[in-house]
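Visitor: coords below, sequence missing:
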């Protein structure tokens, strides 16, 4: 009882803190980092519902991310449709795509499902490259001018600073965590987990496998699409490799793998590790640190080499992290921590 | 008609190399039931190895296959012994993720060393062609690589069918536990299978290096192609992968000519989905259990 009160008090405090940050923090860079973090959490949570809870490990989530981002951006760019309307067009498009994908891919299991999900995402990417009249092909769509958001005649925000994006991102995080919590504690979620644990047993208990897999997919895809639209609007640019590439799918999945699949806080933990680490590499912080410690001379060949190349290497870090996590903590960090806690409890008894 | 024949022939020629990639993947899957998502990246390592040997030692890429093959065999054996071996009994998704991770490490390490610039390995015959007659001509490097591929595939069939080790590998693929009971060292067979698979992928990389751009991310295209080929042929079937490779080669070159080169990969993936839907066991595969 006490514990749950403590937990909710902590949650409320954290939320209030997050809501207040833009009031006191003015640095656009800090806000940018927070927005990236929010985006990552939202992506991870979305994947988690299909991959973590329903156990369908899609390696093609870039399809939903990209379709959401592209639809919103295309409508804004060529039809001047405001993004907060375009987002819902994106959601509608993604639902159609997800149902098509679901009806094809869910007939397949295990590795076959993974391969099919990749193939579908690749078809989307190649289509975006080739349908030049719609998507502007490999050049991508650039649309940085956002119209002001008005309710009636009052301007709510004009999107000049990063603050509105911060709140949209935070809203996405709350939404995805909320949906995940609801899935975890509803009958629907139990169906998902039953399918994950043993598909045949779930089937024999009368669970309509195809239906519930598709429901999990649609929920997951819609949330991913929202994240995609948010990304498009925030960055102001989409092109096939950055929103539809295989890397995007892998990255989305990684957030959950590293944090812990099928747990509420796994994607949060995963994002808290991945985002700062890759940012530290990207912005050359690691090289600067090595120079500061005196490990590497900035003028030496190695120093210059690191400075020039380490910033591109954040994906290398993803690779190393995945290998380490799979080999040494296959249930992700959350699973690892839980195991440690369990062991300690046992030792205490 | 000349156009049709032309695209058919170049499809078969490139299909030979695809077959080599597919056989490697199917061999690994057959013996270990692991889908190797790093297959294309292993191929990419083979390409860079060939490039290095060519620029540093001046050895022709088709000759350097003799060096690349054993080196890539050792590399694959190392990967199996250190990484893959630990997840043989793990969940399928963990195996997939591990190989994805290994692939990311390979492509990004190569990127750190060589930067992401496109490298071109140009030989005196890179753009040479041989006229066959009837308005049909064949690219010289493609023809040579096809001949080498055919020789390697023949040798591989001989190895798998006639030698003791080859039979032991096939026995392991059929039933791992039974093979072990019969006194076959299945761990060693796994290492040999992964080594062979990597050597085949690396060789394929060497063979296409005179005609392809060489860059660190080239692997993912080939990983996907390798899957399409093996699924089309039937996971685990070497004959199927050979057929699948040639079929995909022909499909690609035909759709490049008759649809458009931008859409040829889409055609391949759609074909892939259709196979998954209507005949998931593939052309040569037995039904899944």
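Guide: Looks like it arrived, so ask away. All figures in this text were calculated on a predicted structure; none of them were measured in a lab.
Visitor: Show me what from the stretch 1-150 of chain A comes close to chain B.
Guide: A:57, A:59, A:104, A:107-108, A:110-112, A:114-116, A:118-120, A:122-123, A:126-127, A:129-130 (C-beta under 8 Å from any C-beta of the partner chain). (Each C-beta comes from the backbone N, C-alpha and C, glycine too.)
Visitor: Now which of those residues would you call buried?
Guide: For the residues of the stretch 1-150 of chain A next to chain B, a neighbour count by 16 or more other C-beta atoms under 10 Å in any protein chain shown gives the buried set as A:57, A:59, A:104, A:108, A:110-112, A:114-116, A:118-120, A:122-123, A:126-127, A:129-130.
Visitor: Tell me which of these fall in strands.
Guide: Here DSSP state E is the test, and these give no hits in strands at all.
Visitor: Centre of the chain to the helix or strand containing residue B:270, how far?
Guide: Residue B:270 belongs to helix B:264-278 when elements are defined using DSSP states H and E. Per C-alpha atoms, centre = their mean, to the nearest Å, the displacement of helix B:264-278 from the mean C-alpha position of its chain is 19 Å.
Visitor: for that helix, packing partners?
Guide: helix A:83-105, helix A:110-130, helix B:219-233, helix B:238-258 (3 or more C-beta pairs under 8 Å, 6 or more residues apart in numbering or on different chains; DSSP states H and E).
Visitor: orientation of that helix relative to helix B:238-258 in degrees?
Guide: 140 degrees (axes from the mean of the first three to the mean of the last three C-alpha atoms, to 10 degrees).
Visitor: Could you give me the buried positions within helix B:264-278?
Guide: The neighbour-count check on helix B:264-278 (16+ other C-beta under 10 Å) flags B:264, B:265, B:266, B:267, B:268, B:269, B:271, B:272, B:273, B:275, B:276 as buried.
Visitor: So what touches it?
Guide: For helix B:264-278, contacts defined as C-beta atoms under 8 Å, 6 or more residues apart in numbering or on different chains pick out A:104, A:107-108, A:112, A:115-116, A:119-120, A:122-123, A:126-127, A:130, B:224-225, B:227-228, B:231-232, B:248, B:251-253, B:255-256, B:259, B:282.
Visitor: that older thread, in JSON lines, list the buried residues of helix B:264-278 along with distance to residue B:210 and pLDDT.
Guide: JSON lines is the format used below for those (distance: C-beta to C-beta, whole Å; pLDDT from 0 to 100):
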{"residue": "B:264", "distance to residue B:210": "21", "pLDDT": "82"}
{"residue": "B:265", "distance to residue B:210": "22", "pLDDT": "82"}
{"residue": "B:266", "distance to residue B:210": "27", "pLDDT": "86"}
{"residue": "B:267", "distance to residue B:210": "26", "pLDDT": "86"}
{"residue": "B:268", "distance to residue B:210": "23", "pLDDT": "85"}
{"residue": "B:269", "distance to residue B:210": "27", "pLDDT": "86"}
{"residue": "B:271", "distance to residue B:210": "28", "pLDDT": "86"}
{"residue": "B:272", "distance to residue B:210": "28", "pLDDT": "85"}
{"residue": "B:273", "distance to residue B:210": "33", "pLDDT": "84"}
{"residue": "B:275", "distance to residue B:210": "31", "pLDDT": "83"}
{"residue": "B:276", "distance to residue B:210": "34", "pLDDT": "80"}
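Visitor: From those residues, pick the one nearest residue A:291.
Guide: For the buried residues of helix B:264-278, the closest approach to residue A:291 (C-beta to C-beta) belongs to residue B:265, at 43.9 Å.
Visitor: that older thread, of all the buried residues of helix B:264-278, which two lie farthest apart?
Guide: Using C-beta to C-beta, these reach their maximum pairwise distance at B:264 and B:276, which is 19.1 Å.
Visitor: what does the stretch 51-200 of chain B put close to chain A?
Guide: Within the stretch 51-200 of chain B, the residues that sit near chain A (C-beta under 8 Å from any C-beta) are B:83, B:86-87, B:90-94, B:96-98, B:100-105, B:107-109, B:111-112, B:115-116.
Visitor: repeat that with 10 Å
Guide: Neighbours of chain A within the stretch 51-200 of chain B, by C-beta under 10 Å from any C-beta of the partner chain: B:82-83, B:86-87, B:90-113, B:115-116.
Visitor: mind listing the helices in chain B by residue range?
Guide: B:2-32, B:39-52, B:61-82, B:92-114, B:140-162, B:164-174, B:176-181, B:186-208, B:219-233, B:238-258, B:264-278 (DSSP state H).
Visitor: mind listing what residue A:117 touches?
Guide: Contacts for residue A:117 (C-beta atoms under 10 Å, 6 or more residues apart in numbering or on different chains) come out as A:50, A:56-63, A:101, A:104-105, A:108, A:217, A:249.
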